[in-house]
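Trainee: need a 3D model of the following:
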Amino acid sequence: MNLTALRHVSLCLVASAAIAGCATNSDNSADDPEAGSLSEAALSNSEQTAFNYFVSKGLTKVQSAGVVGNLMQESSVNPASVEFGGGPGRGIAQWSVGGRWDTSKSDNATWYASAHKLSRGALNTQLDFIWYELTTFSGYGLAQLKAATTVTAAVAAFQDKFEICGTCDSSKRITYAQQALSAYGGGSSGNTGAGCFSNTLGKEMPDNACVQSKSDDLWYQCSNGAWVDRWTDPDACNGVHAL
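Mentor: A predicted model of the protein is given here:
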């Protein structure tokens, strides 16, 4: 394909939807749990907000990416998410109705929001509640998370101790975490020429690599740690990878 002939397209978010245990519905999501596997498309503002939030709390970028990868799988980091099929999961971490969403003593999102005069449905409230749980209850795995030095270990710590999911689909969580680290960890570090993780190719790609995304067939270019629409980047491709 001749890249110069590609029409201009805007950056797009392809919302991730969990298919194992905690897939979600929201006002803007489809019922197909396979729809929208994040690939080279831009990640959402809520995902960046969550990543920066956990970094601000003292987690490393790798550890923060591990948390965000889990939240992307659970809910697409959408605070209005409801578990797919009408199950009990709610919010960005899919806390359960009848448990950590609204019932568990001194450990539920509804109580926490009310006690702090916050909106339960707000993203920042739910991020604060995650941090409250991590720092208040040792069983939710903050020690294991802080000990993690790789994306895989960080994903596993949050998945196993905090989410306590059934069929977790760890590979997707790791892929999402790598995407978050590539998009936000590299760019925010001040380094130039940072690479990007390609879900289409399943590997880290160098700066300015051009990849046709399997999620939407559009072309994206790695630009200092983040995938951007090919047409908006004036730099020449450092390798062209078509489907």
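Trainee: how many other residues sit next to residue 160?
Mentor: If you count neighbours by other Cβ atoms under 10 Å, residue 160 ends up with 14. C-betas here are computed from N, CA, C, even on glycine.
Trainee: try residue 207
Mentor: By other Cβ under 10 Å, the residues close to residue 207 number 18.
Trainee: could you check how far it is from residue 237?
Mentor: Using Cβ to Cβ, to the nearest Å, we find residue 207 at a distance of 11 Å from residue 237.
Trainee: so where's this protein shaky on pLDDT?
Mentor: The model of the chain has pLDDT under 70 over residues 1-44, 186-194, 224-225, 232-233.
Trainee: element containing the residue nearest to the spatial centre of it, please.
Mentor: Residue closest to the mean C-alpha point of the chain, counted by Cα atoms, centre = their mean, is residue 72 at 3.5 Å. Using DSSP states H and E, residue 72 sits within helix 61-75.
Trainee: surely residue 151 meets residue 181?
Mentor: Yes: between residue 151 and residue 181 there is a contact at 6.2 Å, judged by Cβ atoms under 8 Å.
Trainee: overlap of the contact sets of those two?
Mentor: Contact criterion Cβ atoms under 8 Å, 6 or more residues apart in numbering; residues shared by residue 151 and residue 181: 62, 65.
Trainee: returning to that earlier point: how about the residue nearest to the centre of the chain, nearest residue that isn't a chain neighbour?
Mentor: In space, and not counting its chain neighbours, residue 72 is closest to residue 176: 4.0 Å by Cβ to Cβ, 6 or more residues apart in numbering.
Trainee: is it true that the one you found touches residue 74?
Mentor: No: with contact defined as Cβ under 8 Å, residue 176 does not reach residue 74; the gap is 10.0 Å.
Trainee: re the thing from before, can you classify the residue nearest to residue 72 by secondary structure?
Mentor: helix (DSSP: H, G, I helix; E, B strand; the rest coil).
Trainee: what about it, how many neighbours?
Mentor: 29.
Trainee: mind listing the helices for this structure?
Mentor: 45-56, 61-75, 109-115, 123-136, 142-147, 151-158, 170-180, 186-188 (DSSP state H).
Trainee: got the angle between the longest one and helix 123-136?
Mentor: If you take axes from the mean of the first three to the mean of the last three Cα atoms, to 10 degrees, helix 61-75 sits at 120 degrees to helix 123-136.
Trainee: counting by contacts, list what helix 61-75 packs against.
Mentor: Counting contacts by 3 or more Cβ pairs under 8 Å, 6 or more residues apart in numbering; DSSP states H and E, helix 61-75 packs against helix 45-56, helix 142-147, helix 151-158, helix 170-180.
Trainee: and the ones you listed as a markdown table, adding distance to residue 110?
Mentor: As requested, those are exported to a markdown table (distance: least, Cβ to Cβ, whole Å):
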| stretch | distance to residue 110 |
| --- | --- |
| helix 45-56 | 20 |
| helix 142-147 | 22 |
| helix 151-158 | 22 |
| helix 170-180 | 26 |
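Trainee: quick one: closest of the ones you listed to residue 134.
Mentor: Within the helices and strands packed on helix 61-75, the stretch nearest residue 134 is helix 142-147; the backing value is 4.3 Å (Cβ to Cβ).
Trainee: JSON lines please, covering the helices of the chain and showing distance to residue 84.
Mentor: Shown next, in JSON lines, are the helices of the chain (distance: least, Cβ to Cβ, whole Å):
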{"stretch": "helix 45-56", "distance to residue 84": "19"}
{"stretch": "helix 61-75", "distance to residue 84": "10"}
{"stretch": "helix 109-115", "distance to residue 84": "19"}
{"stretch": "helix 123-136", "distance to residue 84": "18"}
{"stretch": "helix 142-147", "distance to residue 84": "26"}
{"stretch": "helix 151-158", "distance to residue 84": "20"}
{"stretch": "helix 170-180", "distance to residue 84": "14"}
{"stretch": "helix 186-188", "distance to residue 84": "32"}
